[in-house]
Each structure stands twice: as structure tokens, then as C-alpha cells.
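[1] predicted coordinates and the sequence they were generated for:
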Amino acid sequence: MQLQIPSAAPLEVDAILLDLDGTLVNTLGDFAQALNRMLADLALPAIDASAIEHMVGKGTEHLLRSVLAHVGVPDVAVRYQDAWQRYEHHYLQLNGQYAQVYPGVLAGLQALAAAGLPLVCLTNKPLAFARPLLQAKGLEKFFQQVYGGDSFARKKPDPLPLLEACKALGTAPQRTLMVGDSSNDAQAARAAGCPVVLMTYGYNHGVPITDTPALGYLDRLEALRVVAG
Ligand SMILES: O=C(O)COP(=O)(O)O
Ligand SMILES: [Mg+2]
């Protein structure tokens, strides 16, 4: 199928892999709520959403370690297990309540799915968090498969999750488009041999996303158009 990416040549694709946090859903509010409830349980200082934003994208383990270090925990390893247990409890309870689907995502997914393109959600978020979030936001029906950060032995920016997803889809990486919001997604795609487009509104560790090479940069997912079958 031929896809038109704004400001790029038409691209032949057989499937699309889509990142979740920062690409489909703005989950910063969920992260801030769950992390601050966890920190309160452990009698640790609160953290600001603006600081959290720079720590999202490399999975929950990385997020928790970064947050504990940020609030001044001297030995992160000592508090990690308790932090994970409290965080998981709170996250599962509020999952989706403080999160918003980005403008243009619903229309974009509808158009891509209607064109018959297989769509896979490929996130570093744990699968037990990702599935209920997609369900709560009415997005699960668009995806033929959902993979989390714990679905494979390694997470993005390692290419393994993308290569495994391509294998399951039966598609060649060079005809499988990755849509993400961070340099992690782009690095994983490059190493897997997948073309990549990046959303301009997500989380990118505090660095402008246009510093990361990609086929295109989108303000809205619906800007991705199927032009020929
Ligand atoms: O949980 C994270 O680190 C973010 O996951 P993502 O891969 O959907 O951006
Ligand atoms: Mg992301």
C-alpha cells in the first residue's frame, strides 16, 4: 500500500507499528499521579510533571530509577522494589483517567485501518498497563497485536521488538513503518531497517524531535494518508 507522508516521497508499506506514550496518548498526567502517589507512600518528596516528561520513553524500570534519583534517594536499588510495587498499584488504579488521546489520532487510526493496513501497538510500557489504557481510550480495536516493554527480552531502542513484530506480521522491515515520538523509536527503527516517522508533540527526553533523522515529522497522525492500494 502506498502512504503519503507530508514532505516525503510516497512510501510502500505493508504494516504500521505505533508507539503508545507520547504518540497515541498523552499519559503525562497518569505518570505524574501514579508517581506522586508512590512517592507519598514512601514518604519521599513529590516530583513535577515537567521533570517526569524527560524520563519517559525507556520503560517503567528506567522511569522509576530516574524519579527516585531525582527526588534524592541515595541508594535507588534499596527503595526500588517498594517503589515498583506502590507504583504498579496506583498506575493500574488510575490508568487512563489523567491521559488524553492526541488530536488527530482517532481519525488517523480509522483511516489507516479502513484502508486495510495491519496496525500493531509497540510500546515500552508494560503490557499490563498498555492493554487497559488502549481499552479505556477505545483504541484497542484498531490493533491486531499489542506488544509491551516486557513482551521481548529487550526494549526499544533495541531493534528486537520491531524485528519480532515484523516476523509475527510476516512483513519485511523496510515495508513496515514505525510511528513514534522519541529518538528511542527512531534508533530502534533504524537498527531494524524500518522507515520511521516521528510525532512532534510527544516526549523526547527534553531534546527537539527534529534533531532525530526521520522520513517525516507529523503534528497529527491523520496527516499520514493512504494514497493507493
Ligand atoms: O513507558 C514508557 O517508557 C513509554 O513507552 P512508549 O514506548 O509507548 O513511548
Ligand atoms: Mg513514546
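    Here it is on my side, so go on. Ligands and ions are numbered 1, 2, ... in the order given.
[2] contacting residues for the closest residue to M199 other than its chain neighbours?
    Excluding the flanking residues, the one nearest M199 by Cβ to Cβ, 6 or more residues apart in numbering is D181, at 4.6 Å. All C-beta atoms are positioned from the backbone trio N, CA, C, and that covers glycine. Listed by Cβ atoms under 8 Å, 6 or more residues apart in numbering, the contact partners of D181 are 19, 21-23, 57, 198-199, 201-204, 209.
[3] what do you get for A113?
    119, 142.
[4] now name the helix or strand holding it.
    Using DSSP states H and E, A113 falls within helix 105-114.
[5] average pLDDT across that helix?
    For helix 105-114, mean pLDDT rounds to 97.
[6] near ligand 1 at all, that helix?
    No - residues of helix 105-114 contacting ligand 1 under Cβ under 6 Å from any ligand atom: none, with a closest distance of 13.0 Å.
[7] in stretch 104-112, what's buried?
    104-106, 108-109, 112 (16 or more other Cβ atoms under 10 Å).
[8] my guess is A107 meets E222, correct?
    Yes - A107 lies in contact with E222 (Cβ atoms under 8 Å); the separation is 4.3 Å.
[9] which ones are touching L11?
    L11 touches 2-5, 177, 195, 215, counting by Cβ under 8 Å, 6+ apart.
[10] from those residues, which is closest to ligand 2?
    L177 (15.3 Å; Cβ to the ion).
[11] need the three-state assignment for that closest one.
    strand (DSSP: H, G, I helix; E, B strand; the rest coil).
[12] what count of nearby residues applies to it?
    As a burial measure, L177 scores 26 neighbours (other Cβ atoms under 10 Å).
[13] mind checking pLDDT for it?
    98.
[14] go on, G229?
    So G229 comes in at 68 (pLDDT).
[15] what stretches of the chain score poorly on pLDDT?
    The chain contains residues with pLDDT under 70 at 229.
[16] coming back round to it: state the distance from the residue nearest to M199 to ligand 1.
    6 Å (Cβ to the nearest ligand atom, to the nearest Å).
[17] isn't L42 up against A83?
    Yes - at 6.4 Å, L42 counts as touching A83 under the criterion of Cβ under 8 Å.
[18] once you drop chain neighbours, what's closest to Y91?
    A34 (4.1 Å).
[19] setting aside sequence neighbours, what's the nearest residue to the closest residue to ligand 2 within the chain?
    Nearest to ligand 2 in the chain, going by Cβ to the ion, is G22, at a distance of 3.7 Å. Nearest residue to G22 in three dimensions, chain neighbours excluded: G202, at 2.8 Å (Cβ to Cβ, 6+ apart).
[20] that neighbour contacts V25, doesn't it?
    No - between G202 and V25 there is no contact under Cβ under 8 Å: 9.9 Å.
[21] about what we covered before: burial measure for the residue nearest to G22, as a count.
    23.
[22] phi and psi next, for the closest residue to L122 other than its chain neighbours.
    Counting by Cβ to Cβ, 6+ apart, the nearest residue to L122 once its immediate chain neighbours are dropped is L17, at 4.5 Å. Torsion angles at L17 (phi, psi; degrees, to the nearest 10) stand at phi -100, psi 130.
[23] tell me the domain ranges of this structure?
    In terms of domains, the chain is parsed into 2-26+100-228, 28-94 (source: automatic domain parsing).
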